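J.: sequence plus predicted model, see below.
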There are 2 protein chains.
Amino acid sequence: MSLDKVIMDINKIEKKYSNLTRFNRDLINVNPLQTAGRLTPEAKRSMLEFGDGYSVCDYCKGTLEKIENPPIKSFVEEDFPNFIGSDYSRITHGAREGNARVMKAMTKLGDSIIVDGNAHYSTIVSAQAAGLKIIRVPAGDDPGRILNVEDYIPLIEKYNPSLILLTYPDGTVGNLPDAKRLGEIAKQKNVPYLINGAYAIGRMPINMTELGADFIVGSGHKSMASSGPVGILGFNEKYKDQITEASETYPNKELGCIGCSVRGAPLITMMASFPTIVKRVQNWDEEVAKARWFSEEMETLGMRQMGEKPHNHDLMQFITEPFYEISKIHPHKRGFLYKALKSEGIVGLKHGLTKSMKISTYGTSRNNLQKVLDTFSTLLDQYSN
Amino acid sequence: MSLDKVIMDINKIEKKYSNLTRFNRDLINVNPLQTAGRLTPEAKRSMLEFGDGYSVCDYCKGTLEKIENPPIKSFVEEDFPNFIGSDYSRITHGAREGNARVMKAMTKLGDSIIVDGNAHYSTIVSAQAAGLKIIRVPAGDDPGRILNVEDYIPLIEKYNPSLILLTYPDGTVGNLPDAKRLGEIAKQKNVPYLINGAYAIGRMPINMTELGADFIVGSGHKSMASSGPVGILGFNEKYKDQITEASETYPNKELGCIGCSVRGAPLITMMASFPTIVKRVQNWDEEVAKARWFSEEMETLGMRQMGEKPHNHDLMQFITEPFYEISKIHPHKRGFLYKALKSEGIVGLKHGLTKSMKISTYGTSRNNLQKVLDTFSTLLDQYSN
């Protein structure tokens, strides 16, 4: 590349990248991906401290999870396992990468894996990338999509899977299936059991051992007030050797993470937010009560909540037929809802969706949620018959 | 977990995690891992804007690399490929994850891969994790460790590898082998050719096409003034289908990244620092001149530089026999060097190492490097005969 070329482009490049800002920052946000990922003040401070590349590695002696300053070692070896009831933990780039690590460790090409019908797309993609046969346990019909974990039994007997996975809760309708009963089934059938807790760990109390799981994954950016990408994998003694298998050449480098995972600020934000996380899961009953209240209000407006009722999680999907009807006559067409909310400082709905919407009430005050409901109500008053 | 238990531990947990700080921040730093990963002011600002989990995803329609706000799409599709001379690019969690993605796409279990003898440990671990046979092209003897790329030829003929890899430069002695000649060899032998440019992209001018490579990986946190974990994979048209293979079930989700990679602030810091990166690689001649000056001064003090001489990169390893001699008689023993530097506000050397040291002069002023040399010199005056 010639110097001229670079000089020619640099003004355009500076204009494009030098001042990246986010409109949605600090607005009322109902996006289930984002409500529990907002940083704590502690995380914001720590992010600047450890923003520079590789700054968590000042005192690394070759293994991320053994670093004592910042206290990654005690986070990974003591505090986080205590929090989720696992024997061990490892830092990952996120829940999906944790799932992929478990799949890689516990299966070989062509093996079968059984997953719930409500599983996240990344579970399917991970299994496809690993060359696994995927058997799905169908969830029930709409609107409930209830999963009966007893349905794992005949499939386990038929396919002899190397691993079973349960999404708890799923990311579409927010159902919490009977993970504990599946733990009993897994134990009885002697099959390794992985819980995808991306929407659980950091929002609600959850204990891997109590649920009878062998592995659990969580997401920092999704549910632990962290910057992405970062997550955590909890696992028990029984499968420790498989998960922590090291390189023959480099005994302190584990194969499952190519020797190291999150060498940066996202890990620091997850640690800095940890005290808040430990405390906030104790407020889970209020979060559920708030979600149920919101759901009732939505149904009063003519919307229909999908999934379990009464609901047990802040992530909800609503069928919003009345909004679809408005979109047919509104001057902004399918974009009317998004625009109306945005003008009230409310974000997190997908642009152009009016037939259904996913909403999370997590960490948002009842006052602000009332504002969302009022905006909906006003639109209905204006455009419905 | 009972509420009592949580309340009992919370003070200890808050004390440990609520105020994470970094002693090394803003000091003179000579750690090759860190010198080119220090954030730009633009990156620091953008990191707070996009610190919250999943905040880059406000306008995502299902594929990270297609997001137009922030301008990830044009970064990935236009500006970064222009910068490194590739046809395409993808965001990765770092160089190693980019290498792993290429290995996964281009090989199958049991295939052979040829890598240089100076390759980073993560290259070996990636290949082991992928179940590949690893053939190493030996580098020359100490102190030069010069790699002759012609030595790839008989090994390619003997092992018929699915992929060859060159580390450019290596992270131990900072040599820059003849990557362009290896490109000719790769073309002649029709073997896919991957360059690990973790210490190149963002520090020095480099062009994948000019070097004749099919793939190149770079590291944001290592060499692009970014917070970790983030990196980039450049690749050419020829192998596009392999690298971008999508899930059969989810056509907009690529297998090589389980559907998505860096969903967070590190990607934003890499974009915000990009204008600076594009400009600073034009100063590479001065960086090399500075490294050579530093090396000469070190040799005057009785140290011996490993690798190519004159040196062509800021990453250098020195044999520091005079310091080893001092460590035998100094009251702080092997820790004396680390402590002496720290008291002068200089960090980045491994604690306890006195026989050899890795130093990067990148982005540090000659004045500050002189301070490092003066500290060394003073120690030698005080403790040598």
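T.: Structure received. Note that the structure is a prediction, hence the values are computed from the model and not measured. Residues are numbered from 1 along each chain as shown, chains lettered A, B, ... in the order given.
J.: use CA for all of it now, contacts and neighbours both
T.: Fine.
J.: how distant is stretch A:326-344 from the center of its chain?
T.: In terms of C-alpha atoms, centre = their mean, to the nearest Å, the centre of stretch A:326-344 is found 29 Å from the chain centre.
J.: swap in stretch A:229-249?
T.: For stretch A:229-249, the distance to the chain centre is 20 Å (C-alpha atoms, centre = their mean).
J.: ok, stretch A:270-283 next?
T.: That offset, for stretch A:270-283, works out to 16 Å (C-alpha atoms, centre = their mean).
J.: and that stretch, end to end?
T.: Its start and end residues considered, stretch A:270-283 measures 19 Å (C-alpha to C-alpha, to the nearest Å).
J.: does any bit of it sit next to chain B?
T.: Yes. Judged by C-alpha under 8 Å from any C-alpha of the partner chain, stretch A:270-283 comes into contact with chain B at A:271, A:272, A:273, A:274, A:275, A:278, A:279, A:282.
J.: how about these in JSON lines, adding neighbour count, pLDDT and distance to residue A:46?
T.: Below are these laid out as JSON lines (neighbours: other C-alpha atoms under 10 Å in any protein chain shown; pLDDT from 0 to 100; distance: C-alpha to C-alpha, whole Å):
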{"residue": "A:271", "neighbour count": "32", "pLDDT": "98", "distance to residue A:46": "9"}
{"residue": "A:272", "neighbour count": "29", "pLDDT": "98", "distance to residue A:46": "7"}
{"residue": "A:273", "neighbour count": "26", "pLDDT": "98", "distance to residue A:46": "10"}
{"residue": "A:274", "neighbour count": "30", "pLDDT": "98", "distance to residue A:46": "12"}
{"residue": "A:275", "neighbour count": "22", "pLDDT": "97", "distance to residue A:46": "14"}
{"residue": "A:278", "neighbour count": "24", "pLDDT": "96", "distance to residue A:46": "18"}
{"residue": "A:279", "neighbour count": "16", "pLDDT": "96", "distance to residue A:46": "19"}
{"residue": "A:282", "neighbour count": "17", "pLDDT": "95", "distance to residue A:46": "24"}
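J.: tell me the one among these nearest to residue B:92.
T.: residue A:271 (23.0 Å; C-alpha to C-alpha).
J.: C-terminal to the helix or strand where that closest one lies, what's the next element?
T.: Using DSSP states H and E, residue A:271 sits in helix A:265-272. Next along the chain after helix A:265-272, taking DSSP H and E as the criterion, comes helix A:274-280.
J.: which residues of chain A score low on pLDDT?
T.: Across chain A, the ranges flagged by pLDDT under 70 are A:1-8, A:385.
J.: would you mark the buried spots in stretch A:324-331?
T.: Within stretch A:324-331, the residues scored as buried using 16 or more other C-alpha atoms under 10 Å in any protein chain shown are A:324, A:325, A:326, A:327.
J.: how about the strands in the stretch 151-300 of chain A?
T.: A:163-167, A:193-196, A:215-219, A:231-235 (DSSP state E, counting those that start in this stretch).
J.: swap in the stretch 1-150 of chain A?
T.: Per DSSP E, counting those that start in this stretch, the stretch 1-150 of chain A has strands spanning A:28-29, A:88-92, A:112-116, A:133-137. These are given in chain order.
J.: any chance of those in a markdown table, plus mean neighbour count?
T.: Below are these laid out as a markdown table (neighbours: other C-alpha atoms under 10 Å in any protein chain shown):
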| stretch | mean neighbour count |
| --- | --- |
| strand A:28-29 | 24 |
| strand A:88-92 | 24 |
| strand A:112-116 | 23 |
| strand A:133-137 | 19 |
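J.: and for the residue nearest to residue A:275 when sequence neighbours are not counted, the neighbour number?
T.: Nearest residue to residue A:275, sequence neighbours excluded (C-alpha to C-alpha, 6 or more residues apart in numbering or on different chains): residue B:14, at 5.4 Å. Number of residues near residue B:14 (other C-alpha atoms under 10 Å in any protein chain shown) recorded here: 16.
J.: residue A:140 too?
T.: For residue A:140, using other C-alpha under 10 Å, the count is 14.
J.: so who does it touch?
T.: A:146, A:147, A:148 (C-alpha atoms under 8 Å, 6 or more residues apart in numbering or on different chains).
J.: and these as a markdown table, adding neighbour count and distance to chain B?
T.: Conversion of these to a markdown table gives the following (neighbours: other C-alpha atoms under 10 Å in any protein chain shown; distance: C-alpha to the nearest C-alpha, whole Å):
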| residue | neighbour count | distance to chain B |
| --- | --- | --- |
| A:146 | 19 | 22 |
| A:147 | 21 | 21 |
| A:148 | 16 | 24 |
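J.: no further questions, thank you.
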